[in-house]
Each structure stands twice: as structure tokens, then as C-alpha cells.
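# No sequence on hand, only this structure:
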């Protein structure tokens, strides 16, 4: 069975290089490649003396370091006189640049892994209770309008307008004003007199104006919104029955 052995508690060659760079206290962007390569090779030789099986990735990194070291030791090209319009200034790439980028990326993921490990340790110390069945405690609120929809109320309002609305003279300017709050109080009084129930068309008596119809309709919607009344319609197109919810509680 194939298995891998960690070299002196190092997860891989990049981990070993970071350790050597931190121990030497050098800038990761300006690695003294000769010094770090010698230290790296010394670690590999020590592992071989202890008869440890060195993973192939460590050997590959050693070859990479030696190649970079060789490039760093090569003499630089002699500077030539720069001639504008004919020559272009080209900077030689640093042989260490690719290695530095790999080290920075590995270091970033290593820090993230340590943070996740700390969170795992903290989470392991938290004990939670299993979810309980809260169905017995759920209280279903009664729908204040039950089978009645807004379209039913609009239809009833339209029938009321067609049945009772009288044309007012054009020259008439004065009109009776009534607020929605006052109309809500009147509906509550009608419910109290009617024993907690009243039909929709019973809200209108005598001469009815458009303003009274609209105000009554809005007042009824506010009472339904506050869950103070419930509207019920047992059959299609039948008159809507308005019930006082407070009388049900009593």
C-alpha cells in the first residue's frame, strides 16, 4: 500500500521553504537563493542519513532551487548603449519570481487553514440540543375574512352603488363629511346592537352618497386588518355577514 511520510512535520516542500525563510528572517520577495538552497539540501541529506523516505516532490523542489541558483550565478549581459527608436529596453525576469508567487499563495492558504482549524476547535466545544417538535405550540390564527376575498367586497360595493346611489344635483356644493375612524365606531355600535353580527347592506340606511359608501368600505377594511371583525359569505353572491371578533372571545 502506498503511503506518504511527512518530512520533519512539514506538509510539503513549500512548507519547508517557508520555515527556512522565517528562520533566516529574510524578505520573501528577496530570497537569498544560495543560502536557502544550501539549508534545504542539508535537510534532505539529514533525512537520507536517518533513512527516511523522502517524497519525490521534495526532490523536485531541490532541483528547482538548484536551477534558480544556477541562473542567479550566471553573469548578467553587458549593458549596451540604448538607442531610441531602434532598441527597446527589456528587463530580465527574476528567476525567483515564480517561486515567490507560489510561496505567497501557499502561505495565504496555510493561514486560512489555521483559522479554520481554530474555528473547528471552538465549535467542537459548543453543544446544541436536538430540534424539538413545536407543532403542539403552534396556534393557527383564524382568517378574519375566511372565504371572502377583496373581489367579493368590491362586487358588493358595486351592487350597493347600483341599488341605492341617488344622483345628486350638480349645483349642490355642501356635503356631509365623516372620517374613517368615526365610521369604524358606527360599525362597532351596529355590531353591538345586532348581537355581534350585521349584514353588509345593513350598514347603509336612508339616502346613501358616494362618500359614505367609500368611507364605509375603507372603515370595514381597517377593522378586518385589525382583526376586530370577520367577514363570512356562505354562498356565492350572497350578502356578506360581518361578525364581531370580540363577541366570540366573550
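Yep, it's here. Worth saying up front: this structure is predicted, and the values here are computed from it rather than measured.

# ranges for the strands of the chain?
Assigned by DSSP state E, the chain shows strands spanning 197-199, 229-232, 241-244.

# Centre of the chain to the last one, how far?
This means strand 241-244. Relative to the mean C-alpha coordinate of its chain, strand 241-244 is positioned 43 Å out (CA atoms, centre = their mean, to the nearest Å).

# hmm, who's touching it?
The contact list for strand 241-244 (CB atoms under 8 Å, 6 or more residues apart in numbering) reads 187-188, 191-192, 196-200, 203, 220, 228-234. The C-beta positions use only the backbone N, C-alpha and C, and glycine is treated the same way.

# Just the buried residues of the residues you listed.
The neighbour-count criterion (16 or more other CB atoms under 10 Å) marks 187-188, 191, 196-198, 200, 203, 220, 228-231, 233 among these as buried.

# pLDDT and distance to residue 138 for those - can I get that in a markdown table?
Listed next are the buried ones among the contacts of strand 241-244 as a markdown table, based on pLDDT from 0 to 100; distance: CB to CB, whole Å:
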| residue | pLDDT | distance to residue 138 |
| --- | --- | --- |
| 187 | 86 | 32 |
| 188 | 88 | 31 |
| 191 | 85 | 30 |
| 196 | 85 | 28 |
| 197 | 87 | 29 |
| 198 | 86 | 32 |
| 200 | 82 | 33 |
| 203 | 82 | 35 |
| 220 | 86 | 29 |
| 228 | 86 | 23 |
| 229 | 87 | 24 |
| 230 | 85 | 21 |
| 231 | 83 | 25 |
| 233 | 77 | 27 |
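
# Next, format those as JSON lines and append distance to residue 30.
What follows is the buried ones among the contacts of strand 241-244, written out as JSON lines (distance: CB to CB, whole Å):
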{"residue": "187", "distance to residue 30": "85"}
{"residue": "188", "distance to residue 30": "85"}
{"residue": "191", "distance to residue 30": "88"}
{"residue": "196", "distance to residue 30": "89"}
{"residue": "197", "distance to residue 30": "90"}
{"residue": "198", "distance to residue 30": "90"}
{"residue": "200", "distance to residue 30": "87"}
{"residue": "203", "distance to residue 30": "89"}
{"residue": "220", "distance to residue 30": "81"}
{"residue": "228", "distance to residue 30": "79"}
{"residue": "229", "distance to residue 30": "81"}
{"residue": "230", "distance to residue 30": "80"}
{"residue": "231", "distance to residue 30": "81"}
{"residue": "233", "distance to residue 30": "85"}
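
# quick revisit: would you format the strands of the chain as CSV with distance to residue 26 included?
Converted to CSV, the strands of the chain look like this (distance: least, CB to CB, whole Å):
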stretch, distance to residue 26
strand 197-199, 90
strand 229-232, 81
strand 241-244, 85
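
# Which among these is found nearest to residue 46?
strand 229-232 (86.8 Å; CB to CB).

# for this protein, which helix is longest?
In the chain, assigned by DSSP state H, the helix with the most residues is helix 97-124.

# So which bits of that helix are buried?
Quick answer for helix 97-124 (16+ other CB under 10 Å): 99, 103, 106-107.

# quick one, what contacts residue 18?
103, 106-107, 110.

# How far off centre is stretch 216-230?
Centroid displacement of stretch 216-230 relative to its chain, using CA atoms, centre = their mean, is 36 Å.
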